[in-house]
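Chemist: Model the following, please.
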Amino acid sequence: MIKVTIDAGLQSLIPKLNLGIVQAKVEVSKHNEELWKEINQCVNNISKYNMESLYHIEGIEALRNGYKAIGKDPSRYRGSAEALARRVILGKGLYKVNTIVDINNLISLESMNSVGSYDLSHVGKSVLFCIGKNGESYKGIGKEMINIAELPVFTDENGPFGSPTSDSERAMILESTKDLMMIVISFTGKESLNKYLKRISSLLVRYANADEKQIETAII
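Modeler: Sure thing, here's the model as predicted:
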């Protein structure tokens, strides 16, 4: 399992920051109808919220406070869970990408935590979750260049590649992806992470042909 650690400086500013990590061999497909039945049920549940109540959901509120603690405006750089929930509340629905990205988004909405999925063939030997440096940026998936200074970012020996707001194109999930790392980013502590790691594992077995015995998980 690739080693993932949280930088001490970031941890000191956000004491309840924890990561739930799943690594697995997967088969990625374009669409799965049964998976989308689960997603649509979750979307229906999210639709009961409005914009005001959204900001009082524990995970979203904690991420916004965490961003403020490290100097980033959470209204300009939203966490991905908040961005997804806003789409649902506004009636825009979710993008259909591929089974892994769809599972990623389902878990993000169920947990109200940002979740990142990465192709391990494009990730280095170790990963550090730290604060982006001044001048750092990368091209986000389906987006222009993103200023990642003062954002929590995942970085390896080749530089930053992901954040709770938007991931870079470097390690994005494609239908050719075989080795997956999915990370649940919790700003509220580790208490619920084991539940979501089990949920991810179950979804990967069901919809991405992962071998349950070979799935690796960790909480840091």
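
Chemist: contact partners of the helix of greatest length in the chain?
Modeler: Determined from DSSP state H, the single longest helix within the chain is helix 193-208. Residues outside helix 193-208 that contact it (Cβ atoms under 8 Å, 6 or more residues apart in numbering): 18-22, 24, 26-29, 32, 34-35, 99-100, 103, 106-107, 110-111, 113, 180, 182, 184, 186, 210-212, 215, 217, 219. Placement of C-beta: from N, CA and C, glycine included.

Chemist: Let's see the pLDDT reported for I70.
Modeler: On pLDDT, I70 comes in at 97.

Chemist: Can you report how many residues neighbour the residue lying closest to K190 once chain neighbours are set aside?
Modeler: Spatially, and ignoring its direct neighbours in sequence, K190 is nearest to N18 (4.2 Å; Cβ to Cβ, 6 or more residues apart in numbering). Other residues lying near N18 total 21 when counted by other Cβ atoms under 10 Å.

Chemist: so N18 touches G189, yeah?
Modeler: Yes - with contact defined as Cβ atoms under 8 Å, N18 reaches G189; the gap is 6.0 Å.

Chemist: circling back: what about burial for the contacts of helix 193-208, which qualify?
Modeler: 18-22, 24, 26, 28, 32, 35, 99-100, 103, 106-107, 110-111, 113, 180, 182, 184, 186, 210, 215, 217 (16 or more other Cβ atoms under 10 Å).

Chemist: coming back round to it: give me phi/psi at the residue nearest to K190?
Modeler: phi -140, psi 160 (degrees, to the nearest 10).

Chemist: Now do the contacts for it.
Modeler: Counting by Cβ under 8 Å, 6+ apart, N18 touches 6, 186, 189-190, 193, 219-220.

Chemist: If we use 10 Å, what do you get?
Modeler: N18 is in contact with 6, 11, 113, 184-193, 219-220, counting by Cβ atoms under 10 Å, 6 or more residues apart in numbering.

Chemist: Quick one: the strands in this structure, in order.
Modeler: Assigned by DSSP state E, the strands in the chain fall at 3-6, 18-25, 114-119, 126-131, 137-139, 145-147, 152-156, 159-162, 179-186, 216-219.
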